[in-house]
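K.L.:
compute the structure for the input listed below.
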Amino acid sequence: MDFLTKQSVTEFEQINRALENEGVHRLVGESDIKRLGEGAWHYAYLVEGDQLVLRIPKKFAYDQAVDFNRDQLTAEYGSTEAFYKIANQAEKGICPEYFRYFISEDLSYTVESYLGTTEGLERQTLQQSKQYGSEIGEFFRALEDIDPPFEGIGYLEVGGNGELKGGLDMDLSACIVEERGEYQGELDALLSSSYAFNKEKVTATGKELIPNRSIGREKRILTNQDTSPENLIFTRSGVKMIDPFPILYTGTSLAANHVFNYHTFFPTVYDTRRYAKGNYHHHVPLLRAHVDGFVDGYTQGSKQKQTDLHIEVFLKLVTMAHTHLELLQEETLTKEQIIRFGTKDQIEKRLRLYLIELENF
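P.N.:
Reported below is the predicted structural model:
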């Protein structure tokens with residue numbers, strides 16, 4: 001295991017250094033190591049006796065060395081701590097209620113409550129998947145009632161005073177209007193591309209939806225951009241959420257991100273190294289049932305909410321298709337781009353699917 005540290009340490013040593021620093025029981029031997037898996041950036045371990053999860057940052061992510069950056073780790077871990085607190089206000093127990101972190105060049109980690117094992121997609125019925133989706137939809141709606149503890153919008157970063165804030169210092173409504181123009185520009189680029197699709201129909205859809213993007217009805221909240229199945233724990237007592245990617249933005253936009261990912265994105269990236277282990281293309285009916293539940297739980301019968309969400313999902317589809325178009329225009333792809341999106345042949349195949357989705361939207 002290559003950890004983010006200047007020192008040469010074994011896995012057993014680094015785990016015990018973190019546990020000792022936290023004042024919890026050390027491991028007796030290497031056989032006590034309980035690996036929960038790993039993400040792109042962290043190794044995760046179960047501290048069985050204390051029912052905690054320990055995450056230690058990796059030295060390499062997406063096949064590239066990671067440099068120690070105190071401000072980045074502070075923003076990442078501090079925003080996770082803040083999101084967990086707000087999330088548990090919106091729905092008690094949906095996120096770990098215990099969370100601590102430590103950052104140094106020799107030893108960095110987070111430790112949080114262990115929320116149990118997941119049922120996983122493959123063990124869910126359609127009705128269960130819809131129920132889990134409904135729970136998350138209700139949770140996203142509840143987040144919109146809680147004022148954020150930070151200023152600004154966007155991803156969190158460390159400000160000049162050492163406190164966290166959104167990366168953009170601008171009014172939310174002004175940002176939404178500015179983005180509306182950017183989305184139109186992305187759609188125009190797709191329409192002017194050499195790819196054949198029903199451009200007249202897509203143009204008409206864009207003219208109908210983009211100008212009607214919700215502005216005045218939106219409020220600034222702290223929400224979560226990464227609600228992929230690997231970051232959700234599906235239990236008999238309900239769905240739990242871990243390892244968030246917090247962002248200060250509008251609730252409708254991030255609710256649409258969840259819908260788009262489960263309906264369209266995850267089933268189409270099964271051939272990438274980043275998402276292959278999810279086998280999402282084998283679980284399309286479950287993912288679609290999840291979306292149906294989410295939309296019901298989030299909109300709660302409001303026609304206006306349904307319309308606003310529908311428009312935002314269209315914008316997510318536009319920007320993802322445009323991202324793929326831009327990747328195809330790159331002379332060479334970076335290692336991270338290949339891991340996330342695959343080869344150019346895979347990207348082009350996926351782009352064509354998204355263009356069909358735009359036709360049918």
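K.L.:
Asp226 is in contact with Pro246, correct?
P.N.:
No - judged on Cβ atoms under 8 Å, Pro246 makes no contact with Asp226 at a distance of 9.0 Å. The C-beta positions use only the backbone N, C-alpha and C, and glycine is treated the same way.
K.L.:
who has more neighbours out of those two?
P.N.:
Per other Cβ atoms under 10 Å, whichever of Pro246 and Asp226 has more neighbours is Pro246, with 26 against 18.
K.L.:
tell me which element Asn88 falls in.
P.N.:
Secondary structure assigned from DSSP states H and E places Asn88 in helix 70-90.
K.L.:
residues contacting that helix, please?
P.N.:
Contacts to helix 70-90, defined as Cβ atoms under 8 Å, 6 or more residues apart in numbering, come from residues 57, 94-97, 99, 101, 103, 108, 110, 112, 139, 142-143, 145-146, 148-150, 155-158, 164, 222, 224, 241, 243-244, 246.
K.L.:
now the element after it, going C-ward?
P.N.:
Remark: after helix 70-90, the chain's next helix or strand is strand 99-102, criterion DSSP H and E.
K.L.:
please name the residues that touch the residue nearest the centre of the chain.
P.N.:
Geometric centre of the chain, nearest residue: Asp226, 1.1 Å, by Cα atoms, centre = their mean. Contact analysis of Asp226 by Cβ under 8 Å, 6+ apart lists 243-245.
K.L.:
relative to Leu232, which of the residues you listed is nearest.
P.N.:
Asp243 (9.6 Å; Cβ to Cβ).
K.L.:
quick check: that closest one vs Leu115, distance?
P.N.:
From Asp243 over to Leu115 the distance is 11 Å, taken as Cβ to Cβ, to the nearest Å.
K.L.:
out of these two, which sits in the busier spot?
P.N.:
Asp243 (22 against 18).
K.L.:
nearest spatial neighbour of the more buried one, chain-adjacent residues omitted?
P.N.:
Asn231 (4.7 Å; Cβ to Cβ, 6 or more residues apart in numbering).
K.L.:
where does that neighbour fall, phi/psi-wise?
P.N.:
In terms of degrees, to the nearest 10, the main-chain angles of Asn231 are phi -110, psi 10.
K.L.:
I'd guessed it sits against Pro244; true?
P.N.:
Yes - under the criterion of Cβ under 8 Å, Asn231 makes contact with Pro244 at 7.1 Å.
K.L.:
so for those two, which sits in the more crowded spot?
P.N.:
When Asn231 and Pro244 are compared for neighbours, Pro244 comes out ahead with 20 against 15, by other Cβ under 10 Å.
K.L.:
secondary structure of that one: a helix, I assume?
P.N.:
No - using DSSP: H, G, I helix; E, B strand; the rest coil, the assignment for Pro244 is coil, not a helix.
K.L.:
quick check: which helices or strands does the lengthiest helix in the chain pack against?
P.N.:
In the chain, assigned by DSSP state H, the helix with the most residues is helix 303-329. Applying 3 or more Cβ pairs under 8 Å, 6 or more residues apart in numbering; DSSP states H and E, we find helix 303-329 packed against helix 172-191, helix 199-209, helix 251-260, helix 284-299, helix 335-341, helix 344-360.
K.L.:
may I see the ones you listed arranged in TSV, with mean neighbour count, mean pLDDT and distance to Gly78 as well?
P.N.:
Shown next, in TSV, are those (neighbours: other Cβ atoms under 10 Å; pLDDT from 0 to 100; distance: least, Cβ to Cβ, whole Å):
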stretch	mean neighbour count	mean pLDDT	distance to Gly78
helix 172-191	16	97	21
helix 199-209	15	98	36
helix 251-260	24	98	19
helix 284-299	21	98	27
helix 335-341	17	96	24
helix 344-360	17	98	35
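K.L.:
with distance to His25 added, can I get these in a markdown table?
P.N.:
Converted to a markdown table, these look like this (distance: least, Cβ to Cβ, whole Å):
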| stretch | distance to His25 |
| --- | --- |
| helix 172-191 | 46 |
| helix 199-209 | 55 |
| helix 251-260 | 37 |
| helix 284-299 | 38 |
| helix 335-341 | 36 |
| helix 344-360 | 46 |
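K.L.:
identify whichever of the ones you listed lies nearest to Ser237.
P.N.:
For the helices and strands packed on helix 303-329, proximity to Ser237 was assessed by Cβ to Cβ; helix 284-299 is nearest, at 16.8 Å.
K.L.:
returning to that earlier point: to Lys130, which of the helices and strands packed on helix 303-329 lies closest?
P.N.:
Of all the helices and strands packed on helix 303-329, helix 284-299 comes closest under Cβ to Cβ, at 3.7 Å.
K.L.:
can you give me how far the closest one is from the chain middle?
P.N.:
Helix 284-299 sits 17 Å away from the centroid of its parent chain (Cα atoms, centre = their mean, to the nearest Å).
K.L.:
how about the contacts made by Lys199?
P.N.:
Leu191.
K.L.:
returning to that earlier point: and of the helices and strands packed on helix 303-329, who's closest to Glu11?
P.N.:
Within those, the stretch nearest Glu11 is helix 335-341; the backing value is 23.5 Å (Cβ to Cβ).
K.L.:
dihedrals phi and psi, Lys240?
P.N.:
Taking degrees, to the nearest 10 as the convention, Lys240 sits at phi -120, psi 160.
K.L.:
how near is it to Glu330?
P.N.:
Counting by Cβ to Cβ, the gap from Lys240 to Glu330 is 38 Å.
K.L.:
looking at those two, which has the bigger crowd around it?
P.N.:
The neighbour comparison of Lys240 against Glu330 (other Cβ under 10 Å) goes to Lys240, with 21 against 11.
K.L.:
and what about the closest residue to that one other than its chain neighbours, helix, strand or coil?
P.N.:
Spatially, and ignoring its direct neighbours in sequence, Lys240 is nearest to Ile233 (4.0 Å; Cβ to Cβ, 6+ apart). Recorded secondary structure, Ile233: strand (three-state DSSP).
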